[in-house]
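Trainee: Show me the folded form of this:
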Amino acid sequence: MPSPVSADRPAAQPPGPGSVEALIRQTRRLKGDVDAVRRDTRSDGTDPEERWQRALYDLALHQLDDLDTHLAQLRDGPAPAPAGPPEAPAPRPAPVTASRGSLLSRVGSAEWNLLTDEATWSGELYQILGLDPARPAATLDELPALVLEEDRPKLTAMVTDCLVDARPIDGEFRIVRPDTSVRTVHMMGEPVLGADGGTASMWAVLRDVSDLRREQRTVRERRDSLHRHRRQERTEHRIAAELQEAVLPPWRGSLRLPHQGPQTLDLAAHRLPADAGTPIGADWYDALELPDGRTLLGVGGLVGHGVAVTSGMAMLLGAVRGMAMAGTEPGHLLTLLNRLLDATVQPALGSAVCCHYQPETRTLTWAQAGHPAPLLYRDGTGSALNAPDGTPLGASPGAVYGQCAATLRPGDLLVLHTDALVPGHSRTATADRLLALAPRLGAARTARDCVRTVVEEFGGAGREDDACVLVAKVVG
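Mentor: Next up is the predicted model:
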């Protein structure tokens, strides 16, 4: 029913059938596109961002369904009135054409005549409220009895403002149905003024928005869960990065070990970080002067990412340094390290290569645990050292690790690296790429120049995991 309050404004022209039909086609095409994207978004329910996206897709489809139904009503016009004599109106049955949960079953209308104290409800409103269509419609005085007690003041204020101050109604409240279920209803209405300017009646359209509000609530909850998850990820990323910085040697580029004699090794190392936003890994490198004059060289890593794995790396690196300082040979050191990983509360898998360099004889004694062998560059060519047997750390509790020895010459270059140095490449392909750098590395003056060459070659964007490289050049 049009309201006299708006009688002095020019009436809007109704849309033509063709334009409405075009809108319906656009809406249904958009609905199909959204549904297709939703189906393509596969989720196992464990990723908070995917759960939030799924909830948004469901909400968008819900609203597009409603829009499609509204536009169809505009195109088809009002439903025809039932035939029958006016003096014997038929009772208000619940609509049989509206399926349960459809838009038509969620929208009802009502009018309250203040002069006769009569109320008229549509059948859909009875269905929304869960009431028998045969019972009389509730008056404005009786309406609050259907509303949840804590929402009654809100309804009373809206109705009072409408009747006294001629303000439009636009608000929500919750109703309690006879089966004790609670539904959320959105009410929009206006006063109808009589000839004397007073309020003669009030009409309203009531929509059951329970499903819509539930879906919106789901979106909010999953958005909040996603925010918490991201905050936790940022915190863990920061802690892991700080822990990694704390335990790795505090040097970048060249390092002169603090021994008393002349420098025998020119050392340089670098950690190539993964792209921003990627979890921190647990790759490590180390160079340490031992009490007997030898030098410890090592690289390795643990499988996984995050604070727990980085903590394990810190524990492992501390154990490597302690056993090396106690004079443990590389093979036996890895044997004990393997037992340590197996005995931890959270067993881990990893790999490592451990070397001892004796400067007096230029002898390199080394062992490996499931790790790429050191690369030796000499006279402009390169090759991998023959590797002793060694399973990955943590894979076999009783594993015993052998060791090999190689004699180096002045000018020789050793390159130790972790698995992810060349993204997307196997160990063999990574070694081939590194060995192909032999002419450039041979022409480099210092170990730091060699590291710079490796970083320039393999340190670009697109890295999903961090990696380490350590270069040792024999200088005396």
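Trainee: So what's the residue count around residue 457?
Mentor: Residues lying near residue 457 (other Cβ atoms under 10 Å) number 15. Backbone N, C-alpha and C define where each C-beta goes, glycine included.
Trainee: Now for it: which residues touch it?
Mentor: 433, 437 (Cβ atoms under 8 Å, 6 or more residues apart in numbering).
Trainee: That one and residue 467, how far apart?
Mentor: Separation of residue 457 from residue 467 (Cβ to Cβ, to the nearest Å): 12 Å.
Trainee: try residue 350
Mentor: 14 Å.
Trainee: what do you get for residue 311?
Mentor: Applying Cβ to Cβ to residue 311 and residue 467 gives a distance of 20 Å.
Trainee: List the buried residues in stretch 168-187.
Mentor: Applying a neighbour-count criterion of 16 or more other Cβ atoms under 10 Å, one finds 169, 173-176, 183-187 buried in stretch 168-187.
Trainee: What about these, which are in helices?
Mentor: Per DSSP state H, helices hold no members of the buried residues of stretch 168-187.
Trainee: Out of those residues, which comes closest to residue 357?
Mentor: Closest approach to residue 357 among the buried residues of stretch 168-187 (Cβ to Cβ): residue 184, at 74.7 Å.
Trainee: can you name the two of the buried residues of stretch 168-187 that are farthest apart?
Mentor: With distances taken as Cβ to Cβ, the most widely separated pair in those is 169 and 176, at 20.2 Å.
Trainee: residue ranges of the strands in the stretch 101-250 of the chain, please?
Mentor: Assigned by DSSP state E, counting those that start in this stretch, the stretch 101-250 of the chain shows strands spanning 107-113, 118-121, 169-176, 182-193, 199-208.
Trainee: For the shortest one, enumerate the helices and strands it packs against.
Mentor: Based on contacts counted as 3 or more Cβ pairs under 8 Å, 6 or more residues apart in numbering; DSSP states H and E, the elements that strand 118-121 packs against are strand 107-113.
Trainee: how about the strand it packs on: buried residues?
Mentor: By neighbour count on 16+ other Cβ under 10 Å, the buried set for strand 107-113 is 107-112.
Trainee: From the rest of the structure, what touches stretch 415-434?
Mentor: Residues outside stretch 415-434 that contact it (Cβ under 8 Å, 6+ apart) are 272, 281, 283, 285, 297-301, 351, 353, 355, 371-372, 374-375, 377, 382, 384, 441, 450, 454, 457-458, 462-472.
Trainee: Now a PyMOL select for only the buried ones of those.
Mentor: In PyMOL syntax, the buried subset of the contacts of stretch 415-434 is picked out as below (16+ other Cβ under 10 Å):
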select buried, resi 272+281+283+285+297+298+299+300+301+351+353+355+371+372+374+375+377+382+384+441+450+454+458+463+465+466+467+468+469+470+471+472
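Trainee: picking that back up, would JSON lines of the strands of the stretch 101-250 of the chain with distance to residue 220 and mean pLDDT be doable?
Mentor: Putting those into JSON lines (distance: least, Cβ to Cβ, whole Å; pLDDT from 0 to 100) gives the following:
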{"stretch": "strand 107-113", "distance to residue 220": "24", "mean pLDDT": "89"}
{"stretch": "strand 118-121", "distance to residue 220": "33", "mean pLDDT": "92"}
{"stretch": "strand 169-176", "distance to residue 220": "16", "mean pLDDT": "93"}
{"stretch": "strand 182-193", "distance to residue 220": "15", "mean pLDDT": "91"}
{"stretch": "strand 199-208", "distance to residue 220": "20", "mean pLDDT": "89"}
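Trainee: Between these, which one is closest to residue 323.
Mentor: In terms of Cβ to Cβ, the element of the strands of the stretch 101-250 of the chain nearest to residue 323 is strand 182-193, at 66.7 Å.
Trainee: Any chance you could list what contacts that closest one?
Mentor: 1, 3-5, 111, 128-130, 148, 155, 158, 162-163, 166, 168-177, 199-210, 213.
Trainee: Okay, now the unreliable bits of the stretch 101-250 of the chain?
Mentor: Within the stretch 101-250 of the chain, the segments meeting pLDDT under 70 span 101-105, 246, 249-250.
Trainee: got the residue ranges for the helices in the stretch 1-150 of the chain?
Mentor: Applying DSSP state H, counting those that start in this stretch to the stretch 1-150 of the chain gives helices spanning 17-40, 48-76, 103-106, 123-129.
Trainee: rank those by pLDDT, which is bottom?
Mentor: The minimum mean pLDDT among the helices of the stretch 1-150 of the chain belongs to helix 103-106 (a mean of 56).
Trainee: what number of residues lie near residue 139?
Mentor: A count of neighbours around residue 139, defined by other Cβ under 10 Å, yields 13.
Trainee: If you could redo that for residue 222, that was the one I meant.
Mentor: 19.
Trainee: swap in residue 20?
Mentor: Residue 20 sits with 17 neighbouring residues when counted by other Cβ under 10 Å.
Trainee: same thing with the one 10 residues further on?
Mentor: If you count neighbours by other Cβ under 10 Å, residue 30 ends up with 15.
Trainee: From the structure, what's the count of residues near the residue lying closest to it once chain neighbours are set aside?
Mentor: Using Cβ to Cβ, 6 or more residues apart in numbering and skipping residues adjacent in sequence, the residue nearest residue 30 is residue 64, 6.4 Å away. If you count neighbours by other Cβ under 10 Å, residue 64 ends up with 18.
Trainee: show me what contacts residue 64?
Mentor: Shown in contact with residue 64 (Cβ under 8 Å, 6+ apart): 27, 30-31, 34.
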